[in-house]
Structures are given as structure tokens and as C-alpha cells.
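Engineer: pasting the sequence and the predicted coordinates here, then a few questions.
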There are 2 protein chains.
Amino acid sequence: MTIPEEIDTPEIMIDRDVLKRNIDRMASAVRAKGLQLRPHVKTHKVPEIAELQLAAGAVGLTVATLGEAEIFAEHGAKDIFIAYPLWVGPRQAERLRRLAETTRIAVGVDSREAAETMAASLGDAVGEVEVLLEIDSGHHRSGIAPDATVDVARAVSRAGLRVTGVFTFPGHSYAPGMPLKAADDERLALSQASDLLSAAGFHLAHRSGGSTPTAALTGQSVATEIRPGVYVFGDAQQLELERCTAEDIALTIAATVVSRHEGNDVIPRRVILDSGSKILGGDRPSWTTGFGRLLDHPEARITGLSEHHATVVWPAEATLPALGDRLRVVPNHVCVAINLVDEVTVISGGEIVDRWRVAARGRNR
Amino acid sequence: MTIPEEIDTPEIMIDRDVLKRNIDRMASAVRAKGLQLRPHVKTHKVPEIAELQLAAGAVGLTVATLGEAEIFAEHGAKDIFIAYPLWVGPRQAERLRRLAETTRIAVGVDSREAAETMAASLGDAVGEVEVLLEIDSGHHRSGIAPDATVDVARAVSRAGLRVTGVFTFPGHSYAPGMPLKAADDERLALSQASDLLSAAGFHLAHRSGGSTPTAALTGQSVATEIRPGVYVFGDAQQLELERCTAEDIALTIAATVVSRHEGNDVIPRRVILDSGSKILGGDRPSWTTGFGRLLDHPEARITGLSEHHATVVWPAEATLPALGDRLRVVPNHVCVAINLVDEVTVISGGEIVDRWRVAARGRNR
């Protein structure tokens, strides 16, 4: 694809045709497994994309913060899960109460203390917010060990909150060779927690798992729903984990070659693009090949990233792009890239067809 | 310092007293060396802070993009250097022309092609924009090798642009043991390029260097000015490079303990804070101890960062913070952290005294 002439760089471009195909494919795949889809919209933060996901059959949305929940509720979402162990004081409780006036709202909890604080802050509104207990399925970030779930569930109930489910995030799926193991761990942890809670008399309407790397691997599980996010766009991490192909990449950054060096024995042969960490994001897990990929030049490597410079090393046998050339860059982690801009350019058939506001950008709390 | 009760987390707090002290100290140190100070305002993107820097004697501002230049010019800046090898087509030329109506404006160039394109795009306005040639002093990002400078300078002049100086960024100073070597490299590269250009008949009013790590080491050089940025706030990288102390940190992120785990033989003893990469930024050079530091707990290590979670591992001998505790986090790279929020809270004497808009946030082009 040629980058439309009207675009000044660096700029985030979304290919609407690829986006829609990604949304439809995930919706069909999840439906075929008999699961529900509750996509994580922190990936895109764009109400127009959430609408496409809901139209394709998503049962509701997943968000990470109260602020994101508020934006999507304002845009009409009726069923939102904040998949995060929120610490709910009086100000957060007031916001939850207001959300609950228009939306089914569920919140993650992974401790007795958080539940008691939330319940005290909610006061009379304690019944209006559902709780899903967060289970640690091996990522060892937040979450309760599966065998400790019943104790926490009882404390949450005693505090007056309704436990309606469990959830986990198998985040250790983000590394080569890990998606299958992470999907297994997730299955096991959800089963163990669900069995123990059922035996203790809890009815779990929601058993929620999933990440983009494990989405295709989830199945034969006690899960009722999955919460992938990145699948809408794909990114360089998913490419390098072989969880998507170059044809599935819906979001790229248009960038210009601003500096060019043939190099020598000491200094690398390289071009500098104007797509630095302030538009690509700085994520660079050790297993990735660089700070992102060039969509049309798989042979190139982004070896360095400063705020406004991407250093792209080029192999000796390939022609170095010219100064002023415009290239498409795929960020390593698409969720943090789109969070750096207020608007994105929407492309279809190689033409600019729309501009979308990243309405929930920066809603960190 | 206790985090003021009114603050919801995660939130960026700026200690105005420390900020002013940092600004005054750098201004005095640079003055004492007989140099001029042209601070890089991409670090903060806040007009109120630029005003403090100019009031303390800065001769002008450095920015990275046209968009940043426009914001600071709107706020009254009269002397702006875009320290970046801009690729200037017709739309960029029109913006430069408009800037030049109210502001002295200089732009970086590191190739004949960029100069010719800029000159053609500027047309009649070619004389209104000054050019500083970018020299590669060892960072091997953009920039001309010192011994190739004269050729490029002649091409720039032939294109009709005015070469008024040279600049370099010794970015390889950002690693342990490197600041001194980088300051030496910078001195050498600026001298070599300046000598060659002078011998070729170019008069260089501006010989510009400097980064925060090398600022204190610059001297006995041909430089006329330096362009540090990070010194206003300090950050975890500067702390770990021993270029500032904990007392110099003016920007912290207020964060809440949302999950807490005593750990066991397999699973680390840790707390999870709500300050993820969407407020800390994802920068994590290999030589740093983690994804940032806790200002009041130097013993803790931020071992993992997702978008809304910081995993903080705590040593066995220290008390693990309680759920709901609020801690101050220092980002690794302060320039990318402040670029993630639209507003910051300003503190003085432990009280909230102001809110500042990050007016140039996201102005990537």
C-alpha cells in the first residue's frame, strides 16, 4: 500500500478492511467454540471500533480503568467488565454508582481488603456492582492462587458484594513457545477455582479468560467467555509469536526517512525514521527482534528507538531506502502506540475514509 | 512526602520547589562555564516550565518537532531551535514560514537532499529559516560525520539556506561509565566540524551540544550552548547514572498498592501498583535495575510492567506495603512519562498549588 499523500508523518493509520476482517474472524472463531466474546477495548480506546465488535456479536466490553468504562458507557455500552483489581475509595465508588445507572458493571477483586474497602465505600449501592475474582493462572502479577479462592470469595460475600464469576489473564503467553502452555495453565486454574467455588455454594455465571495469543487455543474449558484485545489490529509481537500474519496487520505508523547512512565497518548501515517511541511506544521484550517491524521490509531491524527517531538497520544485500521515502512501521505493542495519539486516520482501499478519535486515550484512572 | 488526599492514582505530581531548584542550578552552572543554555522542552512540554527556564536566563528553547515549536511560539517563545533533521515538504514549509513571522527559527539538517527539498518547499521564504548542521559525535543515530560536514554545508548554502551553526547529541552518554566518554566525543566532534567549516569560510554563531548526563562535564569546548532537557525533573535513569540524587527528583507518579502477595519459593514476594506503562512509559534500557524506582523505597525493584500494573518485588527483610498504600514512583525516562498525560498536579510544601496542561503532548509532527 502507498501511504496517501495527504498524510503527514508520523501518523497512525488503520486499515478498516483488515480491521473488520479481524473482528469478524475472532467473533466466528469464539462462537464456534461455544464461548462468548468480551473484547478488551483498552487495545483501541475507540468507540467506533467497539461498535463494530458489538455488532459482530460481542456480549459486552472489557476495560482496565474506571475512566475507560465511563467513555464507553457514554457511547452506549450496556455491559462492562473492569478486569482490574480496583481499589475503590469514596470517589471511585461514586463513579461506579453512576456507571451502574446505565450499564451492567462488574469489577475485579483479588483480596479481602479490597472487597471490604469497596463495600464500605459503596454503602447502599453495594448490590449494584458485580465482583469477578481474579485468579493467578501463572503470570504472577495480580490474582488469587486457585486454592485460596474460596476464602476470598467468602470474605467478599460477607462484605455484601455479589460474586458472579472468576477471571484470569494468562499474560505469560507473551513469549515464544508459551501460548500453548499458558492456555493450559489458564484452563487448569479456571477449572480448579470454579470447582472449589461451586463446591462451596457459589454460582459462577462468568468464567472469563483469554488473551490474543491464547484465544485460538482456548477450548474444552470451563470458560464461558474470553477477553482478547490485540486481535483487532495485530502488532509486531503477535507477528513474531506467529499469532498473526502480515496480512492481518490493521494498524501501521506512516513514517518518513529523515536520515540515511550507508555505514562502514564500525557504523551500521541504516536509515532513521521519524517514528520514535513517542508514537511506537517503548515496549521491547527481550525475545523480540527489535522495537517493531517494517511491514513491507521484513529484512530490516529497528535496533534503536529514541523519542522521535527509529534507527533501522538494513542488510548489506538490500537497497537502502531514499531520504524522504515513506514506510509503514508496525509497533511492538499496539495498545501503547494508539494511546499516544488523540486521533487516527482510517484507510479503506488505499484512500482516507475517516478520522477516529481515540476517545479513551490517557484515561488511566 | 505524603501524597495529598485529593489525588486519585495514578497521577503525575510535580514538586515545584524541587523543579525551580533544578532550573536555577543548571542555569548557574551553564553560566559559570560561559555557555548559553537552550533547554530541550520536549522533556516537559509545559509552557509554564519553559517560562521558568527563560526567566532563569535560557537564551531560547529546543524542541523536536514543528508541532512543539508551534505550541511554545503561541506561548510567546521568540527563539526556537528544532534540533531534528526535519524533512520539509510544502506543508511543513508553510508551518515554518508562519513560525518565522514571530520567532527566530532554526532547523537541523544532515543531508544535501533534505536541504534541497526544504529550500524548494520554502521558496521565497528560504532566507527566513536558519540551518544548524547535525554532527554525529558517536551516537550513530542521525548526523553527519565531522569530516563530511563541509560538503553538506556547501550544498545547503547552494540550495539558498543559511548555515548558522552545528549541533550534536551525545546520546551514547545514557549508559553507566559513558557520560565522560560521550562528553569527550562531543567536544572532539564539534571542534573538528567547526574547524573545518571555519577554514571553508562558514561563520558559525551556534555550536550546540549537550545532554543532561554530559551537561556538568561540558567545558573547555568550542560549544556556545548546551541543550539538556531531563535536568528539570530528573528520573530513574539519571539516578542510576548518578547524574542526580533522590532529592533532585521533581516528578513522581502517585500510585496505589492494588494487589499484594507474600510469595513463596516459586512466586515472588511483591506488590502490584496501578502505575503501568500507560503512565510510566515502557523504556527499560538493559543497564537499569527495573522499569523505574520507588522514591521512598530504594530497596524495591520494578521487575515487570504491563499497561496498568507495575510488579514491584520487595526484599525479604523489608515490610511489604499494605493494600491501599500510596507510593511515589520515579519513571525511567521522564520525557515519555509526561507525554502520556494531558495535565499534571503541581505540589509545593506538600500541598496542591496548581494544575498544568501538558500543552505540547502528542505533538509528534
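Structural biologist: Thanks, I have it. Computed from a predicted model, the values in this text were never measured in an experiment.

Engineer: show me what from the stretch 101-250 of chain A comes close to chain B.
Structural biologist: Neighbours of chain B within the stretch 101-250 of chain A, by Cβ under 8 Å from any Cβ of the partner chain: A:110-111, A:113-114, A:117, A:136, A:140-143, A:171. Just so you know, the C-beta spots here come from the backbone N, C-alpha and C atoms, and that holds for glycine as well.

Engineer: which residues of chain A score low on pLDDT?
Structural biologist: A:218-220 (pLDDT under 70).

Engineer: what's the closest non-adjacent residue to the residue of the stretch 51-200 of chain A found nearest chain B?
Structural biologist: Ranking the residues of the stretch 51-200 of chain A by distance to chain B (Cβ to the nearest Cβ) places A:Ser142 first, at 3.7 Å. The shortest distance from A:Ser142 to any non-neighbouring residue, by Cβ to Cβ, 6 or more residues apart in numbering or on different chains, is to B:Ser259 (3.7 Å).

Engineer: returning to that earlier point: would CSV of the residues of the stretch 101-250 of chain A next to chain B with neighbour count and secondary structure be doable?
Structural biologist: Listed next are these as CSV, based on neighbours: other Cβ atoms under 10 Å in any protein chain shown; DSSP: H, G, I helix; E, B strand; the rest coil:
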residue, neighbour count, secondary structure
A:Asp110, 27, coil
A:Ser111, 23, coil
A:Glu113, 17, helix
A:Ala114, 28, helix
A:Thr117, 21, helix
A:Asp136, 24, coil
A:His140, 18, coil
A:Arg141, 21, coil
A:Ser142, 26, coil
A:Gly143, 27, coil
A:Gly171, 21, helix
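
Engineer: farthest pair within the residues you listed?
Structural biologist: Using Cβ to Cβ, those span at most 25.2 Å, a distance reached by A:Thr117 and A:Gly171.

Engineer: what is the strand ranked longest in chain A packed up against?
Structural biologist: Identified as the longest strand of chain A according to DSSP state E is strand A:251-261. Secondary-structure packing of strand A:251-261 (3 or more Cβ pairs under 8 Å, 6 or more residues apart in numbering or on different chains; DSSP states H and E): strand A:11-15, strand A:270-273, strand A:326-330, helix A:334-338, strand B:79-85.

Engineer: packing partners of the helix or strand following the second one?
Structural biologist: The first helix or strand that comes after strand A:270-273 along the chain, using DSSP states H and E, is helix A:277-280. Where contact means 3+ Cβ pairs under 8 Å, 6+ apart, helix A:277-280 is not packed against any helix or strand.

Engineer: list the contacts of helix A:277-280.
Structural biologist: A:10, A:12, A:253, A:291-292, A:305-308, A:310, A:329, A:331-332, A:337, A:340-341, B:281-283, B:336, B:339, B:362, B:364 (Cβ atoms under 8 Å, 6 or more residues apart in numbering or on different chains).

Engineer: now the helices for the stretch 101-250 of chain A?
Structural biologist: A:112-122, A:149-158, A:179-199, A:212-215, A:236-240 (DSSP state H, counting those that start in this stretch).

Engineer: next one: the shortest one to chain centre, how far?
Structural biologist: The offset between the C-alpha centroid of helix A:212-215 and the centroid of the whole chain comes to 11 Å, using Cα atoms, centre = their mean, to the nearest Å.

Engineer: what comes into contact with it?
Structural biologist: A:26, A:29-30, A:170, A:173-174, A:178-179, A:182-183, A:186, A:226, A:228-231, A:238, A:241, A:243.

Engineer: could you find the closest non-adjacent residue to A:Leu241?
Structural biologist: Spatial nearest neighbour of A:Leu241, excluding adjacent residues (Cβ to Cβ, 6+ apart): A:Pro213 at 5.7 Å.

Engineer: then A:Glu130?
Structural biologist: Residue nearest to A:Glu130 in three dimensions, not counting chain neighbours: A:Ala106, with 3.9 Å by Cβ to Cβ, 6+ apart.

Engineer: count of neighbours near that neighbour?
Structural biologist: A:Ala106 has 25 neighbours, counted by other Cβ atoms under 10 Å in any protein chain shown.

Engineer: for the nearest residue to A:Thr256 once chain neighbours are set aside, give me phi and psi.
Structural biologist: Nearest residue to A:Thr256 in three dimensions, chain neighbours excluded: A:Thr9, at 4.5 Å (Cβ to Cβ, 6+ apart). Note on A:Thr9: its backbone torsions stand at phi -100, psi 160 [degrees, to the nearest 10].

Engineer: you'd agree A:Thr9 is up against A:Arg326?
Structural biologist: Yes. Using Cβ atoms under 8 Å, A:Thr9 is in contact with A:Arg326, at 6.4 Å.

Engineer: quickly list what's touching both of the two.
Structural biologist: Common contact partners of A:Thr9 and A:Arg326 (Cβ under 8 Å, 6+ apart): A:3, A:254-256.

Engineer: quick one: closest of the helices and strands packed on strand A:251-261 to A:Val152.
Structural biologist: It is, among the helices and strands packed on strand A:251-261 and with distance given as Cβ to Cβ, helix A:334-338, at 28.5 Å.

Engineer: other SSEs contacting that closest one?
Structural biologist: The elements that helix A:334-338 packs onto, with contact taken as 3+ Cβ pairs under 8 Å, 6+ apart, are strand A:251-261.

Engineer: pull the contacting residues for A:Ser211.
Structural biologist: Counting by Cβ under 8 Å, 6+ apart, A:Ser211 has contacts A:169-171, A:173-174, A:182, A:227-229.

Engineer: got the domain boundaries for chain A?
Structural biologist: Domains of chain A are assigned by automatic domain parsing as A:16-233, A:238-357.

Engineer: for A:Ser198, see how far away the nearest residue to A:Gln192 once chain neighbours are set aside is.
Structural biologist: Using Cβ to Cβ, 6+ apart and skipping residues adjacent in sequence, the residue nearest A:Gln192 is A:Pro146, 4.0 Å away. Distance of A:Pro146 to A:Ser198, given as Cβ to Cβ, to the nearest Å: 13 Å.

Engineer: returning to that earlier point: same list (the helices and strands packed on strand A:251-261) but as a markdown table, adding distance to A:Gly350 and mean neighbour count.
Structural biologist: As requested, these are exported to a markdown table (distance: least, Cβ to Cβ, whole Å; neighbours: other Cβ atoms under 10 Å in any protein chain shown):
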| stretch | distance to A:Gly350 | mean neighbour count |
| --- | --- | --- |
| strand A:11-15 | 9 | 23 |
| strand A:270-273 | 21 | 27 |
| strand A:326-330 | 12 | 23 |
| helix A:334-338 | 21 | 27 |
| strand B:79-85 | 29 | 24 |
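
Engineer: which of the ones you listed sits closest to A:Phe81?
Structural biologist: Between the helices and strands packed on strand A:251-261, helix A:334-338 lies closest to A:Phe81; by Cβ to Cβ that is 17.0 Å.

Engineer: quick check: next helix or strand after the closest one?
Structural biologist: Sequence-wise, the next helix or strand downstream of helix A:334-338 (DSSP H and E) is strand A:343-348.
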